[in-house]
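Student: test case, fold it:
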Amino acid sequence: MDKMSDYEINDIIDCLPYSDRNGWEQSRLLAYTNVQINSKKKLSPSEVIKLPWDKEETMSTEISNEDIERLKEKAQLISKNIYG
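Tutor: Here you go, the predicted model:
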């Protein structure tokens, strides 16, 4: 097995909070089903249980020129680390 690069390890660490996402979504769906059966009000699963990634869905997808430049610089650094 090859050694992992630093950028690969960082990506894995950044995604750790989402490793149990499916389990939490299943739990939320079960809770939602139980609550909705007993409610006259129309609910959504995110109203029953709020999860950290719910707010991510409302994030803006617009990218500023500063973001573009920052990402270009980061890509160049990664490229230098990979290809020397």
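
Student: only C-alpha atoms from now on, for both contacts and neighbour counts.
Tutor: Fine.

Student: quick one: residue 78 from residue 65, how far?
Tutor: Using C-alpha to C-alpha, to the nearest Å, we find residue 78 at a distance of 20 Å from residue 65.

Student: out of these two, name the residue with the larger neighbour count.
Tutor: residue 78 (14 against 9; other C-alpha atoms under 10 Å).

Student: that one: what's it in contact with?
Tutor: residue 7 (C-alpha atoms under 8 Å, 6 or more residues apart in numbering).

Student: can you point me to the longest helix in the protein?
Tutor: Counting by DSSP state H, the longest helix found in the chain is helix 65-83.

Student: send me it as CSV with only the CA atoms.
Tutor: This file holds the C-alpha atoms of helix 65-83, laid out as CSV (Å, rounded to 0.1, in the frame of the first residue of the first chain):
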residue,chain,number,x,y,z
ASN,A,65,-13.0,36.5,-7.6
GLU,A,66,-11.0,36.3,-4.3
ASP,A,67,-12.2,32.7,-3.9
ILE,A,68,-11.1,31.9,-7.5
GLU,A,69,-7.6,33.4,-6.9
ARG,A,70,-7.3,31.6,-3.6
LEU,A,71,-8.2,28.3,-5.1
LYS,A,72,-5.8,28.7,-8.0
GLU,A,73,-3.0,29.4,-5.6
LYS,A,74,-4.0,26.3,-3.5
ALA,A,75,-4.1,24.2,-6.7
GLN,A,76,-0.6,25.3,-7.7
LEU,A,77,0.7,24.4,-4.2
ILE,A,78,-0.9,21.0,-4.4
SER,A,79,0.5,20.5,-7.9
LYS,A,80,4.0,21.3,-6.7
ASN,A,81,3.7,18.9,-3.9
ILE,A,82,2.5,16.1,-6.1
TYR,A,83,4.7,16.6,-9.2
